[in-house]
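[1] no FASTA, just this:
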């Protein structure tokens, strides 16, 4: 039989996508996925906007679009999510994406030859790890503390490995929930200019903040234009629309466009137009104010559940927003406990190992999602997990 | 400044995507693009379906979906576009795509290592040529006659190059407009099994037929499961939805899913659901009956225009459907004439060279699209081109 390309042997299916399939079973309480609070989607607004767009714009919603994106979305994205954050940019700096995860794929494709070094927070999001392994890039993990990646470790590894790129999720990081403090954000931008590497700033969770002060994106310190910022409408409007956007130096945006041509021609027009109208009508700030307490209530339910039911030696992060808490049960095998949690307790979470750079790391860590389940279900899940963990 | 990956130096921007930008100028009559007849989009149906889906299914339209696709679309695609063509398949054989062009990208990623040989009709569609060049694959062109690719040439090159894949557009081929006859389709499937190569059957135009008998897909002869068939809803419903689908042997469908995870997670749900409902309600057959005469009228306008206005030595194809006619003005430089056509005559077409495998080929050929312009505009364009060509 025809053989697959060699790279296919290096690709692992996403643990999360597999758990996603399992979540179709309504008996399972999933703290595994990465879904926003579905009850909070602005359905009525989307319905009204979609209806109006198809009625008023008609054929324009159904035609082929430009690879760089639907022009009103590029403008609305700039006006509402880029310029207010202290970033100077024009439409030529923007590429609309089929979800911000496409931006990770495109940026890697534009910059990375096999063997090139990419620095990542350790642990980090699965999708970039899978893509980097598939492409035989050299992945180097960075240490983190409560303020995000540690600058001294970054400097040391930048000097040692001369990386081509730093992939970072600075705000409510996946899976840790941690945020990079403002001072370190500035240093990251300075180091990128000094040592000439690309910063891929993946910032899909920043708008989902329920406490603490907003942090400026790394891109806002990017006077030397070494940062590509990725944003997503999956968490702020709805993930099924599959719309995100990137802002980058003009030549880099053009290269992202070039590889997007070959990947999917352009992003679906109607979902882009829905996002554009949602921004243009000024609906985002009120929507974010509406959902913040929903996320906070769920986070509090999780935090209380951990505190009341998990073993006393449980270590866990306390994010100010986003969707994830990262926890650690020192010495326990969380992959095995996850299998038992699902089969015996009907609760799912994600074990920590897949998020880690090196084999064997993170075996006693796990990620808990608080955004996708109602507070009562989170409480029930924690109580059940507490019973399981008590025996481990 | 950070260097791009080496592959980026091998990527050319799509000539068509560049011409697409130019088409925003309403003074230009474009016979260049590949757009369907926009007036024919089933806007009222899409509006009603979209409205109903958001009202009745609500949050399900906005949630993350499975990478393999929206389940009702996988089923409707099988029932309406796969099984009736004599192909045996189940939902596990189907992957929904962000446009069928994504299927080309995914299939190449699954099977091709640098240096692997891919056979293609010469000339062929730009997107696969660009992707193959970027990946440093070995591209070998196949000769065609009025019945499509020539089997003797295919056999010779299969034996000589031991290709891993044949990429073919069997029906109303882009750019030639030619269709592979049924007997050759069967031979292609047999040869793929005998010599163990993948057939990537890209069939986005097959449903747009205004005369002649339907042809069975290569996939319908695929008893050894060596064929991946790609279909698109861009030409039959609307391109801006960016929805297509692939049907393939189960293990291959699983690999397409695996690489799609890293490319865009999943295809936008609402556009997939619109396509599913359009099929489920049985709207496609009537819509195809409605649009066939529109395409035929436009084709006839082009054919008449060529006959009446182009030089006597013009050679051109006479397709039974699809969107393209390929023409040749022996000895003339069509790239140069295209520039003059745009700047002096406000008419655009696509020169032939970019569709060809080897440099220097196709310089006196060009592609004319008849689907995207009204008959009167096609007539005007031909008359203007006739004046230009008379001097060439």
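    Received, thanks. Keep in mind that this is a model prediction, so the values were computed, not measured. Numbering: from 1, shown residues only, chains lettered A, B, ... in the order given.

[2] wait, doesn't residue A:272 sit right on residue A:70?
    Yes: taking C-beta atoms under 8 Å as the definition, residue A:272 is a contact partner of residue A:70 at 3.9 Å. (C-beta placed from N, C-alpha, C; glycine too.)

[3] find residues that contact each of the two.
    Common neighbours of residue A:272 and residue A:70, counting by C-beta atoms under 8 Å, 6 or more residues apart in numbering or on different chains, are residue A:96.

[4] quick one: which of the two has more around it?
    residue A:272 (31 against 26; other C-beta atoms under 10 Å in any protein chain shown).

[5] now for the more buried one: which residues touch it?
    Contact analysis of residue A:272 by C-beta under 8 Å, 6+ apart lists A:65, A:69, A:70, A:73, A:96, A:243.

[6] distance of the nearest residue to the fourth one once chain neighbours are set aside from residue A:241?
    Think residue A:73. Spatial nearest neighbour of residue A:73, excluding adjacent residues (C-beta to C-beta, 6 or more residues apart in numbering or on different chains): residue A:276 at 3.9 Å. Separation of residue A:276 from residue A:241 (C-beta to C-beta, to the nearest Å): 11 Å.

[7] more neighbours: the two, which one.
    Neighbour count, other C-beta under 10 Å: between residue A:276 and residue A:241, residue A:241 has more, with 28 against 25.

[8] for the residue nearest to residue A:73, grab phi and psi.
    With angles defined as degrees, to the nearest 10, residue A:276 sits at phi -60, psi -50.

[9] wait, does the lengthiest helix in chain A contact chain B?
    If you go by DSSP state H, chain A has its longest helix at helix A:283-309. No: Helix A:283-309 does not reach chain B (C-beta under 8 Å from any C-beta of the partner chain); its nearest approach is 12.9 Å.

[10] gap between that helix and the chain center?
    In terms of C-alpha atoms, centre = their mean, to the nearest Å, the centre of helix A:283-309 is set 18 Å apart from its chain centre.

[11] kindly report the same for stretch A:238-258.
    15 Å.

[12] and if you look at stretch A:299-319?
    Worked out by C-alpha atoms, centre = their mean, stretch A:299-319 lies 22 Å from the chain centre.

[13] what about that stretch, how long is it end to end?
    The first residue of stretch A:299-319 is 9 Å away from its last residue (C-alpha to C-alpha, to the nearest Å).

[14] taking the stretch 51-200 of chain A, what residue is nearest to chain B?
    The stretch 51-200 of chain A approaches chain B most closely through residue A:62 (3.6 Å), counting by C-beta to the nearest C-beta.

[15] who's in contact with that residue?
    Residue A:62 touches A:269, A:270, B:38, B:41, B:43, B:46, B:238, B:239, B:240, B:241, counting by C-beta under 8 Å, 6+ apart.

[16] return the distance of it relative to residue B:41.
    For residue A:62, the distance to residue B:41 equals 5 Å [C-beta to C-beta].

[17] okay, and the common contacts of those two?
    residue B:238.

[18] ok, which stretches of the stretch 151-300 of chain A are strands?
    In the stretch 151-300 of chain A, strands defined by DSSP state E, counting those that start in this stretch lie at A:165-168, A:198-202, A:227-232, A:244-247, listed in chain order.

[19] would you list those strands in TSV and tack on mean neighbour count and mean pLDDT?
    Compiled in TSV, these are given as follows (neighbours: other C-beta atoms under 10 Å in any protein chain shown; pLDDT from 0 to 100):
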stretch	mean neighbour count	mean pLDDT
strand A:165-168	26	98
strand A:198-202	27	98
strand A:227-232	28	98
strand A:244-247	28	98
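
[20] adding distance to residue B:377, write those out as JSON lines.
    Converted to JSON lines, the strands of the stretch 151-300 of chain A look like this (distance: least, C-beta to C-beta, whole Å):
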{"stretch": "strand A:165-168", "distance to residue B:377": "48"}
{"stretch": "strand A:198-202", "distance to residue B:377": "45"}
{"stretch": "strand A:227-232", "distance to residue B:377": "40"}
{"stretch": "strand A:244-247", "distance to residue B:377": "35"}
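
[21] if we can go back for a sec, what's the farthest-apart pair in the contacts of residue A:62?
    A:270 and B:38 (14.9 Å; C-beta to C-beta).

[22] ok, those two, which is more surrounded?
    Using other C-beta under 10 Å, the more surrounded residue of residue A:270 and residue B:38 is residue A:270, with 26 against 19.

[23] may I see the buried residues of stretch A:328-339?
    Neighbour counts over stretch A:328-339 (16 or more other C-beta atoms under 10 Å in any protein chain shown) mark A:328, A:329, A:332, A:334, A:335, A:337, A:338 as buried.

[24] my guess is the fourth one contacts residue A:355. True?
    No: here residue A:334 lies out of contact with residue A:355, judged by C-beta under 8 Å, at a distance of 11.1 Å.

[25] now list whatever residues contact both of those two.
    Common contacts of residue A:334 and residue A:355 (C-beta under 8 Å, 6+ apart): residue A:365.

[26] the residue nearest the centre of chain A: what's it in contact with?
    Nearest residue to the geometric centre of chain A (C-alpha atoms, centre = their mean): residue A:204, 5.0 Å. Neighbouring residues of residue A:204 by C-beta under 8 Å, 6+ apart: A:100, A:169, A:230, A:231, A:232, A:234, A:235, A:244.

[27] for the stretch 1-150 of chain A, what are the low-confidence residue spans?
    A:14-24 (pLDDT under 70).

[28] now the residue of the stretch 51-200 of chain A closest to chain B: phi and psi?
    phi -110, psi -10.

[29] give me the nearest residue to it, chain neighbours excluded.
    By the measure of C-beta to C-beta, 6+ apart, the closest residue to residue A:62 outside its immediate chain neighbours is residue B:238, 3.6 Å from it.

[30] residue numbers of the stretch 251-392 of chain A in contact with chain B?
    For the stretch 251-392 of chain A, the residues in contact with chain B (C-beta under 8 Å from any C-beta) are A:255, A:258-259, A:261-271.

[31] so which of the residues you listed sit within helices?
    Here DSSP H is the test, and these give A:255, A:258, A:259, A:261, A:262, A:263, A:264, A:269, A:270, A:271 as lying in helices.

[32] can you give me the end-to-end distance of stretch A:155-173?
    Using C-alpha to C-alpha, the two ends of stretch A:155-173 sit 20 Å apart.

[33] please see if it touches chain B.
    Yes: interface with chain B: stretch A:155-173 contributes A:164, A:165 (C-beta under 8 Å from any C-beta).

[34] residues of that stretch that come out buried?
    Quick answer for stretch A:155-173 (16+ other C-beta under 10 Å): A:157-158, A:163-173.

[35] can you say which two of the residues you listed are spatially most distant?
    The span of these, defined through C-beta to C-beta, is set by A:164 and A:172 at 25.9 Å.

[36] which one of the buried residues of stretch A:328-339 sits closest to residue B:134?
    Comparing the buried residues of stretch A:328-339 against residue B:134 with C-beta to C-beta places residue A:335 closest, at 37.8 Å.

[37] and residue A:283, how many residues sit next to it?
    Residues contacting residue A:283 under the criterion other C-beta under 10 Å number 18.

[38] so it touches residue A:44, yeah?
    No: the pair residue A:283 / residue A:44 is not scored as a contact, 10.5 Å apart, by C-beta under 8 Å.

[39] so which bits of the stretch 101-250 of chain A are right by chain B?
    Near chain B, when you scan the stretch 101-250 of chain A using C-beta under 8 Å from any C-beta, you find A:101-102, A:105, A:109-113, A:116, A:127, A:130-131, A:134, A:164-165, A:196-198, A:226, A:234, A:238-243.

[40] drop anything exposed from those.
    Among these, those classed as buried by 16+ other C-beta under 10 Å are A:101-102, A:105, A:109-112, A:116, A:127, A:130-131, A:134, A:164-165, A:196-198, A:226, A:234, A:238-243.

[41] quick one, helices of the stretch 51-200 of chain A?
    Counting by DSSP state H, counting those that start in this stretch, the stretch 51-200 of chain A has helices at residues A:71-77, A:100-111, A:126-134, A:151-161, A:182-195.

[42] what's the distance between residue A:219 and chain B?
    Per C-beta to the nearest C-beta, to the nearest Å, residue A:219 is found 16 Å from chain B.
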